[in-house]
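> With the sequence up front, the predicted model follows.
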Amino acid sequence: MFKQLIILVMISLYFWSTPSFSQTDTIILKKPPKSLAQWYKPENKRQVWLHTMFRLRREMLAMSDYSQKKMPDDLEKWSQKFIKDYKSLAKMVPQWQDYLLLNQLNELQKNVENHNYSAIKPTLKHLSKSCMNCHDDFQTVATLLYRSPNFYDRNISEGFSGEEMAYDDNMMHLSTSVNRINIAIKDGYFDIAGQQIEPLEQHLEHLATSCSDCHQEDEVPVKRIMNASQSLLTELAEQLRLKEQKQSGRKLGEFAVKVCAKCHSIHKLPSDLQLLFD
């Protein structure tokens, strides 16, 4: 029923080496049903599916604690919440009905009604298996598709040309600028390298406006990256003025790690993996 996508994940994505192929190099992932998308942003105003998962986890913990303490009123209250949320999963994503253990759900309800406290925790353990089975099959891909930003359909309002530019093209220009500075340092053209710094700072500022589209409530990541870039590029400019080749190279490398690689490690790999599911 579900289309299986075979993704060849090479260890060389993470390490600078090329290992030989083996069974451990292949990971099989399932793509979630399209009906799941309607319960996530941007198709929905809220992260409905995600918050339902949070409630289920909280409700199971409450039932476990209150059954152990033999507190029937609180146990009944939380069990009714859990039953309602658990059944809602089949309505939201009908394709996942087979994952639900409705017989165990009925058993849980009877145990709560009969104050059969000792049987509640084992029943909850069985029900949690239905959660884990679905998570094993779909959680990673669902996180990639619905909880990770995709940059490849975005534009930068002011790219290198001063006009709107595709995100990927703008990144390529940034990479080219950094490498040109690197080449100029290695060849001893410190003035040429220094001339590249101000345009690089401007383009990073344009890029930051795009970051702010997502980081609206939390400006800390954008500020941290921009402060680091301004500080490091100022220090790089001083080393270039002094014609310090080794120190200039090290400062540029520090910039690449703390500014470029930091964002890439968080955002780029998930965004790249999303393309495999289009």
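Thanks, I have the structure now.
> Counting by contacts, list what whichever strand or helix holds residue 238 packs against.
Element membership of residue 238 [criterion: DSSP states H and E] is helix 220-241. Where contact means 3 or more CB pairs under 8 Å, 6 or more residues apart in numbering; DSSP states H and E, helix 220-241 is packed against helix 190-195, helix 197-214, helix 245-255. Where you see a C-beta, it was placed from the backbone N, CA and C, and this is true even at glycine.
> same question for the helix or strand that contains residue 168, mean pLDDT?
Element membership for residue 168, per DSSP H and E: helix 167-186. Averaging the model's pLDDT scores along helix 167-186 yields 88.
> burial of residue 130, as a residue count?
Residue neighbour count, defined by other CB atoms under 10 Å, stands at 19 for residue 130.
> ok, it - contacts?
Contact partners of residue 130, counting by CB atoms under 8 Å, 6 or more residues apart in numbering, are 99, 100, 101, 104.
> Just the ones of those residues in helices?
residue 104 (DSSP state H).
> Of the contacts of residue 130, keep whichever come out buried.
Buried positions within the contacts of residue 130, assessed by neighbour count (16 or more other CB atoms under 10 Å), are 99, 100, 101, 104.
> Format those as JSON lines; extra columns: pLDDT and distance to residue 45.
What follows is those, written out as JSON lines (pLDDT from 0 to 100; distance: CB to CB, whole Å):
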{"residue": "99", "pLDDT": "93", "distance to residue 45": "26"}
{"residue": "100", "pLDDT": "94", "distance to residue 45": "26"}
{"residue": "101", "pLDDT": "93", "distance to residue 45": "31"}
{"residue": "104", "pLDDT": "94", "distance to residue 45": "33"}
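> hmm, back to that, and the angle from the helix holding residue 238 to helix 245-255?
Helix 220-241 runs at 170 degrees relative to helix 245-255, counting by axes from the mean of the first three to the mean of the last three CA atoms, to 10 degrees.
> Next, the angle from helix 220-241 to helix 167-186.
Between helix 220-241 and helix 167-186, the angle formed by their directions is 30 degrees, by the same axes, to 10 degrees.
> Name the residues that touch helix 220-241?
Residues from elsewhere that reach helix 220-241 (CB under 8 Å, 6+ apart): 181, 185, 190-191, 193-194, 197, 200-201, 204-205, 208, 211-212, 215, 247-248, 251-252, 254-255, 258-259, 262-263.
> Now a PyMOL select for only the buried ones of the residues you listed.
A single PyMOL command suffices to select whichever of these are buried according to 16+ other CB under 10 Å:
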select buried, resi 181+185+190+193+194+197+200+204+208+211+247+248+251+252+255+258+259
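> and residue 28, which of the three is it?
Recorded secondary structure, residue 28: strand (DSSP: H, G, I helix; E, B strand; the rest coil).
> Name the residues linked to it by a beta bridge.
Residue 28 has these beta-bridge partners by DSSP bridges: residue 6.
> Distance of it relative to residue 146?
When CB to CB, to the nearest Å is the yardstick, residue 28 and residue 146 sit 20 Å from each other.
> Who has more neighbours out of the two?
When neighbours are counted by other CB under 10 Å, residue 146 comes out ahead of the other of residue 28 and residue 146, with 20 against 9.
> Tell me which residues touch the more buried one, please.
If a contact means CB under 8 Å, 6+ apart, then residue 146 has 36, 37, 40, 41, 49 as its contacts.
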